[in-house]
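S.K.: Could you look at this predicted model? Sequence included:
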Amino acid sequence: MTQPVLFLHLQDAELTSQLLRSDVVRRFVIYKSQSDQCWVEQLLRQRCDLAFIEVDNTEAAQYELLQQSNRLAEIDFILISKGIPDLAVDHLMRSGAGYHFRQPLDLAAVLDAVQDFYQQLSSVTVKRKVQSSDLDQFGLLVGSSAAMLRLYKTVRKVAVTEANVLIVGESGTGKELVANTLHLASHRADQSFVAINCGALSSELIDSELFGHVKGSFTGALRDHQGVFAQAEHGTLFLDEVTEMPLEQQVKLLRVLESGEYRPVGSDKVCRANVRVIAATNRDPLQAVADGVLREDLYFRLSQFPVKVPALCEREGDISGLAQHFLAYCNAREQQQKQLSDAALTVIRRHSWPGNVRELKHAVERAFILADRLIEPEHLLLERATPGVAADIPADMPLDELEKAAILAALERNGGNKTDTAEQLGISVKTLYNKLEKYQQQR
């Protein structure tokens, strides 16, 4: 096999020296850009397997990068930047799933990424606007903690296989972002990624949503409908909240996974599915099996490769970095220069974040709206634990009444937003609607 070619465009002489001294980089034929020429033009002329680029924030370089981003996305790349908002980099990262490391660099993590490219050069793609921060990024995932770096490594290794993946993690940890990154780093990246929330489907229509239906197959079927298996043909199907799927449909899903065949509602035609299935749940799947809400045989079929997404509290060092990351995005979008005060950052680091990254993102976005220039703790609108709450709960209150009180209180805190309420309570939106309907009938 021909030795792979590495294209280097680095302005940092010390970093260049460190890379060239490493055993990993020595496994490549090195092609270095000429400082007096546009590196984009040189890269497009030079056949290479991996491009290692230090981003130039000049207007001319940004324009050239925007013009050529679609062609550059065909090359595996590692970007180095100072975290300054850069439309050209954002566009390139939406087009291809490489690494984006922000300074100051963890050289070991950078070399690990290069090593992985050496061992398994693969076409990868990303589709997310980058927000300026000091955090590293892989695909749609952002973070520099040890837990996230381990997740990156797991995702990139399983992405290039055809194994079914079961993603497990608390609400708000970014399970759909992991699923999207798995797709974008896979050989199916140029095909569709179709996501469906199993907990939001009515039991009457779930067969149609999964497998499609033909016109006239039931009341209201006014035209043929493609189910998600057909929509995701040759691509990736993401089944979110799979443990909320009714058991009857779990049997049918298992049959498709085992045989690759399904039949649209009302049709006598058997279709063959060519999709990669990724599922996710915020429950403990083994406990879901024990509780009888997830079939054991379906669990084993879905979890050919389980992936655990760390909770925000397990991502040491990422919390304040993510807050700055989300704030920088707001600043770039609104052309502002708002900052977090030291007191606000202290509150952010100490908060438990039960809603994980989603809760943090929403808190920063709310604070950005409320603050003028400097974001203070009061702008974050964080819930504080209320001492003595347990004492206000009658000792003889029935469990269902306690649950009802908790749900209605959460709904009030969220201003009636049912999606946010369901996420905070760790239940599906469908389950929340069912419980609210039950309370309405009890009046």
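M.R.: Right, received. Where do you want to start? All of these numbers come straight from a predicted model, not from anything done at the bench.
S.K.: use CA for all of it now, contacts and neighbours both
M.R.: Will do.
S.K.: pLDDT weak spots in the stretch 151-300 of the chain?
M.R.: Across the stretch 151-300 of the chain, not a single residue meets the criterion (pLDDT under 70).
S.K.: And for residue 218, nearest residue in space, chain neighbours not counted?
M.R.: In space, and not counting its chain neighbours, residue 218 is closest to residue 266: 7.8 Å by CA to CA, 6 or more residues apart in numbering.
S.K.: Can you get me a residue count around the one you found?
M.R.: 15 (other CA atoms under 10 Å).
S.K.: give me every residue that touches it.
M.R.: 213, 214, 216, 217, 218 (CA atoms under 8 Å, 6 or more residues apart in numbering).
S.K.: among these, who's most crowded?
M.R.: residue 213 (23 neighbours).
S.K.: Please report the distance of residue 353 from residue 360.
M.R.: According to CA to CA, to the nearest Å, residue 353 stands 7 Å off from residue 360.
S.K.: Same question for residue 44.
M.R.: Residue 44 is 40 Å from residue 360, by CA to CA.
S.K.: So for the two, which sits in the more crowded spot?
M.R.: residue 360 (24 against 13).
S.K.: secondary structure class for the more buried one?
M.R.: helix (DSSP: H, G, I helix; E, B strand; the rest coil).
S.K.: who's in contact with it?
M.R.: So residue 360 contacts 323, 353 (CA under 8 Å, 6+ apart).
S.K.: For residue 264, grab phi and psi.
M.R.: Backbone torsions for residue 264, taken as degrees, to the nearest 10, come to phi -60, psi 150.
S.K.: mind putting the contacts of residue 266 in CSV, secondary structure and distance to residue 254 included?
M.R.: Compiled in CSV, the contacts of residue 266 are given as follows (DSSP: H, G, I helix; E, B strand; the rest coil; distance: CA to CA, whole Å):
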residue, secondary structure, distance to residue 254
213, strand, 19
214, coil, 22
216, coil, 27
217, coil, 23
218, coil, 24
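S.K.: wait, which of the residues you listed is closest to residue 233?
M.R.: residue 213 (16.1 Å; CA to CA).
S.K.: State the distance from the closest one to residue 248.
M.R.: Counting by CA to CA, the gap from residue 213 to residue 248 is 18 Å.
S.K.: where do the strands sit along the stretch 301-443 of the chain?
M.R.: 305-308, 339-340, 374-375 (DSSP state E, counting those that start in this stretch).
S.K.: and if you look at the stretch 51-200 of the chain?
M.R.: Going by DSSP E, counting those that start in this stretch, the stretch 51-200 of the chain shows strands at 76-81, 99-102, 137-138, 141-142, 165-168, 193-197.
S.K.: Need these in JSON lines (columns: mean neighbour count and distance to residue 302).
M.R.: Formatted as JSON lines, the strands of the stretch 51-200 of the chain follow (neighbours: other CA atoms under 10 Å; distance: least, CA to CA, whole Å):
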{"stretch": "strand 76-81", "mean neighbour count": "22", "distance to residue 302": "30"}
{"stretch": "strand 99-102", "mean neighbour count": "24", "distance to residue 302": "28"}
{"stretch": "strand 137-138", "mean neighbour count": "26", "distance to residue 302": "24"}
{"stretch": "strand 141-142", "mean neighbour count": "22", "distance to residue 302": "23"}
{"stretch": "strand 165-168", "mean neighbour count": "25", "distance to residue 302": "6"}
{"stretch": "strand 193-197", "mean neighbour count": "19", "distance to residue 302": "15"}
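S.K.: Let me have the ones you listed in a markdown table, adding distance to residue 208 as columns.
M.R.: Putting the strands of the stretch 51-200 of the chain into a markdown table (distance: least, CA to CA, whole Å) gives the following:
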| stretch | distance to residue 208 |
| --- | --- |
| strand 76-81 | 39 |
| strand 99-102 | 39 |
| strand 137-138 | 35 |
| strand 141-142 | 32 |
| strand 165-168 | 23 |
| strand 193-197 | 13 |
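S.K.: For residue 239, find the nearest of these.
M.R.: Nearest of these to residue 239, taken as CA to CA: strand 193-197 at 5.4 Å.
S.K.: what packs against that closest one?
M.R.: Contacts defined by 3 or more CA pairs under 8 Å, 6 or more residues apart in numbering; DSSP states H and E place strand 193-197 against helix 228-231, strand 236-240.
S.K.: what residues does the last one touch?
M.R.: Same thing as strand 236-240. So strand 236-240 is contacted by 176, 179, 183, 188, 191-199, 228-229, 275-281 (CA under 8 Å, 6+ apart).
S.K.: try the shortest one
M.R.: Contacts of helix 228-231 with the rest of the structure, by CA under 8 Å, 6+ apart, involve 192, 194, 196, 209, 210, 211, 212, 237, 273, 275.
S.K.: before we move on, the earlier item: so for residue 331, which of the strands of the stretch 301-443 of the chain sits nearest?
M.R.: strand 339-340 (9.1 Å).
S.K.: What strands flank the closest one, and is each parallel or antiparallel?
M.R.: With DSSP bridges as the test, strand 339-340 is paired with strand 374-375 (parallel).
S.K.: Tell me which residues of the top helix by length along the chain come out buried.
M.R.: Taking DSSP state H as the criterion, the chain has its longest helix at helix 318-334. Neighbour-count burial for helix 318-334, counted by 16 or more other CA atoms under 10 Å, picks out 318-332.
S.K.: Show me what that helix is packed up against.
M.R.: helix 342-350, helix 356-370.
S.K.: can you do 10 Å?
M.R.: Counting contacts by 3 or more CA pairs under 10 Å, 6 or more residues apart in numbering; DSSP states H and E, helix 318-334 is packed against strand 141-142, helix 146-159, strand 339-340, helix 342-350, helix 356-370.
S.K.: And the nearest residue to residue 309 once chain neighbours are set aside, how far from residue 307?
M.R.: Distances taken as CA to CA, 6+ apart put residue 169 closest to residue 309, at 5.0 Å, once the chain neighbours are dropped. Separation of residue 169 from residue 307 (CA to CA) stands at 9 Å.
S.K.: Among the buried residues of helix 318-334, find me the one that's closest to residue 164.
M.R.: residue 318 (28.9 Å).
S.K.: Verify the contact between the closest one and residue 349 for me.
M.R.: Yes. Assessed by CA atoms under 10 Å, residue 318 is found in contact with residue 349 at 9.3 Å.
S.K.: Could you find the closest non-adjacent residue to the residue nearest the centre of the chain?
M.R.: Central residue of the chain (CA atoms, centre = their mean): residue 177, 1.2 Å from the mean position. Among residues not flanking residue 177 along the chain, residue 140 sits closest, at 5.7 Å (CA to CA, 6+ apart).
S.K.: picking up where we left off before, now that we have the contacts of strand 236-240, which of them are buried?
M.R.: Neighbour-count burial (16+ other CA under 10 Å) applied to these gives 176, 179, 183, 188, 192-199, 228-229, 275-281.
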